[in-house]
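Trainee: starting from these lines, generate the structure:
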Amino acid sequence: MVYISLYDELKRKLISMELKPGDKLSENSIAIEKNMSRPKVRNILTGLADEGYLETLPQRGSVVTKINKDMIREATHAHLVLDQAIIVELVNKRKNGFELEMVNSYLDLLKVDKIPKDEYDMVMLEWGFYQTLAKECGKEHVYSFLDKIDCDMYRLSSLKYLTYNYSAHNSALNAWETTVLELKLMTEQLNSCKIDLLTVLCSNRYNGFLANAGVLSGIYSEYFE
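Mentor: Purely as a prediction, here's the structure:
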């Protein structure tokens, strides 16, 4: 239980950028602080390294990796292809008279949780919607091979919320409100079987990632390769 708790704690800090690129993690210090054996801590750090969040360096321990814009380009292309294939399946399912129960329920969840606790929760809720689309058509494992490059997509999402989630005036939506609106539009178009509009929404999402990578790498140059 402690093992899982430490893994979740570190991953949350990595995605939320509380642990920033370049930060060092000491296996020994963590073991002492958490009263865990060093082999268990090492296994956790190795797992996070396998997911792309950490790099193990001789004599230096584990260091938080920088965000790689090339990886983001690869990930956006892969996600766009997969998401569009999933959207086609869901539209066909809807045309055959089936309700998109999981997708509709997920949107209801977002309406209840109007204000997530922090940027990490925003990232998980945003990406959870697209994972729910995959589950709705029985392809919940379709994104598993992207784990290694999705770490940068998650951290970019977190930076987006950290940077653009200012208090909005009547004339503008903040980053989270914009995301909720996009997910609402996606759900409405899925239920209406508007494949052309869905394709545009999907393309806009990933073009947004590329645009954010360009802008945010200028603001937080120390976080990017």
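Trainee: please count neighbours and contacts with C-alpha atoms only from this point.
Mentor: Will do.
Trainee: hey, which helix is longest across this protein?
Mentor: As assigned by DSSP state H, the longest helix anywhere in the chain is helix 69-95.
Trainee: next, the angle from the helix or strand following that helix to helix 69-95.
Mentor: Moving toward the C-terminus from helix 69-95, the next helix or strand (DSSP states H and E) is helix 101-112. For helix 101-112 against helix 69-95, the angle by axes from the mean of the first three to the mean of the last three CA atoms, to 10 degrees is 120 degrees.
Trainee: just read off the phi/psi values of G22.
Mentor: Per-residue torsions, G22: phi 100, psi -20 (degrees, to the nearest 10).
Trainee: I figured it hits V64, correct?
Mentor: Yes - if you go by CA atoms under 8 Å, G22 and V64 touch, sitting 5.1 Å apart.
Trainee: one step back: give the buried residues for the longest helix of the chain.
Mentor: Within helix 69-95, the residues that qualify as buried are 69, 71-73, 75-76, 79-80, 83-84, 86-91, 93-94, counting by 16 or more other CA atoms under 10 Å.
Trainee: what's around Y106, how many residues?
Mentor: By the criterion of other CA atoms under 10 Å, Y106 has 18 neighbours.
Trainee: nearest spatial neighbour of it, skipping sequence neighbours?
Mentor: F129 (6.8 Å; CA to CA, 6 or more residues apart in numbering).
Trainee: tell me who's in contact with the one you found.
Mentor: Taking CA atoms under 8 Å, 6 or more residues apart in numbering, we find F129 in contact with 103, 106-107, 183.
Trainee: helix or strand: which one has it?
Mentor: helix 119-136.
Trainee: restricting to C-alpha, output that helix in CSV.
Mentor: Extracted in CSV, the C-alpha atoms of helix 119-136 (Å, rounded to 0.1, in the frame of the first residue of the first chain):
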residue,chain,number,x,y,z
GLU,A,119,-4.0,21.3,-12.3
TYR,A,120,-3.3,17.6,-11.9
ASP,A,121,-7.0,16.8,-11.5
MET,A,122,-7.7,19.0,-14.6
VAL,A,123,-5.2,17.0,-16.6
MET,A,124,-6.6,13.6,-15.5
LEU,A,125,-10.2,14.7,-16.2
GLU,A,126,-9.3,16.0,-19.6
TRP,A,127,-7.4,12.9,-20.7
GLY,A,128,-9.9,10.6,-18.9
PHE,A,129,-12.6,11.7,-21.3
TYR,A,130,-10.6,10.4,-24.3
GLN,A,131,-9.8,7.2,-22.5
THR,A,132,-13.6,6.9,-21.9
LEU,A,133,-14.2,7.2,-25.7
ALA,A,134,-11.9,4.2,-26.2
LYS,A,135,-13.7,2.2,-23.4
GLU,A,136,-17.0,3.0,-25.0
